[in-house]
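Asker: Turn this into a model:
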Amino acid sequence: MFSDIVQRLSIIGWLRYYLFDRNYDATKRVLLVALCLLMTLLSTVLLRDSVINNRYLVGFLPVIFVLGLVALVFVYHYLQVLPLIILCVTMVLSDGIPTGTGTKLTFTFLLLYMSVAVWLFKMLIVKRSFKEIRSAPANVPSIVFIVIVIISLIWSTAFVDTQVSYLFSEKLFPRLMTGAVLIISPLTYLLYANQLRSIKSIQFFVWWFIGIGFVFGLFKLVNIELPLMNAKGQFPTWVVAFAAGQMFLNRNLKWYHRTLLAATCLIWLYITLGLGITWLSGW
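Answerer: The predicted structure is shown next:
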């Protein structure tokens, strides 16, 4: 009996060496393909039952799981590219997943949390080091702010006046989402500050912002509202700031480049101070 156990252990050791130590990449691909096929088969079975019960979402859950897994693998291997993808998504896609409370979980919000989670996983579990975090004066205040938000959320939930306890229970989800937004904001700063490591990435960031701002400004002038256009809040301020900064400080630009930048600034100044002069509240 003991020899059988030893033999089984030797087989397990050999499989571990052959599959994970020697052929890790091939094993990972095979497992991912097998998982996709399994989830597809499961989705087919669930969809067949869902047609009868009119519950189609249950049938698509395995497909959503596979898409999420593919997204996580992509984020893990191309984490430095993702901040630029998030920038593009947040400008041209302002929609999200309904929560049933009148608000939506925007795709930008979900992508940011997924990116930060993968980034922290790589540092804490894989590399086991925080050396890749660049030293900056805002790092410690950002972490302290996150800790304060967490403590405040717990404290305000634990010690509630009995006369307003019903209100706190009804507003639990909005409070949690507010805390999540306050937490992801400084984490977004840390993510971008540590993943944008090249001049080309920063140039793409700035010029994409200016280019989309110019296009959106033209649509605003002719009173065309695109269903996915995300040009509200502080968007005009950032567009004008980037465009004016390049126009006045970038010495490598041609005269027609500066003309387009000046036109971008004038368009948004006219939209906010001219067309939008009657809207006196907000940002």
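Asker: mind listing what's buried in stretch 112-127?
Answerer: Using 16 or more other C-beta atoms under 10 Å as the test for burial, stretch 112-127 gives 112-116, 118-119, 122-123. In this view, the C-beta of every residue, glycine as well, is placed from N, C-alpha and C.
Asker: same check, this time on stretch 186-205
Answerer: Under 16+ other C-beta under 10 Å, the buried positions of stretch 186-205 are 186-188, 190-196, 201.
Asker: can you list these in a markdown table and add secondary structure and distance to Thr27?
Answerer: As requested, the buried residues of stretch 186-205 are exported to a markdown table (DSSP: H, G, I helix; E, B strand; the rest coil; distance: C-beta to C-beta, whole Å):
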| residue | secondary structure | distance to Thr27 |
| --- | --- | --- |
| Pro186 | helix | 38 |
| Leu187 | helix | 33 |
| Thr188 | helix | 35 |
| Leu190 | helix | 34 |
| Leu191 | helix | 30 |
| Tyr192 | helix | 34 |
| Ala193 | helix | 36 |
| Asn194 | helix | 31 |
| Gln195 | helix | 29 |
| Leu196 | coil | 34 |
| Ser201 | helix | 33 |
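Asker: quick one: which two of these are the most distant?
Answerer: Pro186 and Ser201 (20.4 Å; C-beta to C-beta).
Asker: low-scoring pLDDT stretches of the stretch 51-200 of the chain, where are they?
Answerer: Flagging of the stretch 51-200 of the chain using pLDDT under 70 yields the residue ranges 51-61, 94-104, 164, 169.
Asker: That one: helices as residue ranges?
Answerer: With DSSP state H, counting those that start in this stretch as the criterion, the stretch 51-200 of the chain has helices at 56-77, 82-92, 107-121, 139-158, 165-170, 172-195, 199-221.
Asker: Can you tell me which of those helices is nearest to Asn23?
Answerer: Of all the helices of the stretch 51-200 of the chain, helix 56-77 sits nearest to Asn23, with 18.0 Å by C-beta to C-beta.
Asker: what packs against the closest one?
Answerer: Judged by 3 or more C-beta pairs under 8 Å, 6 or more residues apart in numbering; DSSP states H and E, helix 56-77 is in contact with helix 24-53, helix 107-121.
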